[in-house]
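Enquirer: quick one, fold the following:
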Amino acid sequence: MNGSTNVPGDDFTFSKNAAAIGGLGGSHNTMSLVGADGNSPLFIFYSFGTSSVAPIIVGRHARGTGAAPTATQNTDTLWQLLGQGWGTGWVSSPQIVMSAAESWTGTANGSRVDISTVKNGTTTQITSLTIDHDGQLYAPHLVNKTAASTGSLCWTTSTGLITYDNSSTCLVSSAKYKNSIAAWKTSALTLINKLVPVTFSYNTNLGMAPGTRLGLIAEDVAKVIPNAALPNATAPDKIDPMAIIAVLVKAVQELQIEINTLRGGATPVLPNPVITYIPPVVGTFVPDIFNPGTGFKPVPVN
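Expert: Got it, this is the predicted structure:
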């Protein structure tokens, strides 16, 4: 159309750029839309009516033939969206692939979506993100920056599965992940006595279950045990529960020493770690519990 010849191999061509026709082409194109030099081709669908009426782009796939289609099979591609650029020719780079996750029947139509990219300096596509048939999210090439803390997204390195953790299953504890392990010499009882348990309710925009909860405030903890508060950018945002547990364990051990001393028994020897936890630095500010809402007041460091 528009005075140009068809792209070689196309059944239909709409072109605003006749000069580009010779550089295009494909062996199985049904239609090509070619924009003019320096212009972005714009493809618009219109719909009018109720809220449920909207433009739809559908990709359909069946085994068999057009005259006699047969059931879609597991892993068959249903729809593929490609981004191509010019290297020494037209080559594909990012793509979104929708495919069958099982062999289809009248009552079973499992599917999945894969998003692929090409890493700089290569020509090999890698699957960056997968949404599986059950809604689970996989990111096989997610960069492992640090161990996740409680209430965070967790990444299983062997499968790429991403899950939300609300316990401590994401925290790594094995010595093989740590270094500079040493016994923590700070008085845990001193720190525990400076922490302020509070009751609270989450803001409604977080989507958390309503109700009063018991816990600690990250900003308060950061003033007493800096390494137990996990930052978001530069400000304390979450609390590392394993660090708090470590402080509680140490406090119980110190109490046992005091109890044994009062009873006149032998003073237990605190165990040394086999292997690295860097002791936190005791903060110089604690919550002003005698004047709630006024923030923090400086106190001497013991």
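
Enquirer: so Gln256, which state does it fall into?
Expert: helix (DSSP: H, G, I helix; E, B strand; the rest coil).

Enquirer: where's it relative to Leu214, distance?
Expert: Computed as CB to CB, to the nearest Å, the Gln256 to Leu214 distance reads 26 Å. The C-beta positions use only the backbone N, C-alpha and C, and glycine is treated the same way.

Enquirer: what does Thr190 give?
Expert: 22 Å.

Enquirer: comparing these two, which residue is more hemmed in?
Expert: The neighbour count for Thr190 versus Leu214, taken as other CB atoms under 10 Å, is higher for Thr190 (14 against 8).

Enquirer: pull the residues that contact the helix or strand hosting the more buried one.
Expert: Secondary structure from DSSP states H and E places Thr190 in helix 188-192. Contacts to helix 188-192, defined as CB atoms under 8 Å, 6 or more residues apart in numbering, come from residues 224-225, 247-251, 253-255, 282, 302.

Enquirer: next, count neighbours for Trp79.
Expert: Trp79, neighbours per other CB under 10 Å, totals 15.

Enquirer: show the contacting residues for the closest residue to it other than its chain neighbours.
Expert: The shortest distance from Trp79 to any non-neighbouring residue, by CB to CB, 6 or more residues apart in numbering, is to Gly59 (2.8 Å). Applying CB under 8 Å, 6+ apart to Gly59 gives the contacts 78-80, 98.

Enquirer: with Gly110 instead?
Expert: 100-102, 104, 133.

Enquirer: can you do 7 Å?
Expert: Taking CB atoms under 7 Å, 6 or more residues apart in numbering, we find Gly110 in contact with 100-102, 133.

Enquirer: from those residues, pick the one nearest Ile239.
Expert: Closest approach to Ile239 among these (CB to CB): His133, at 35.9 Å.
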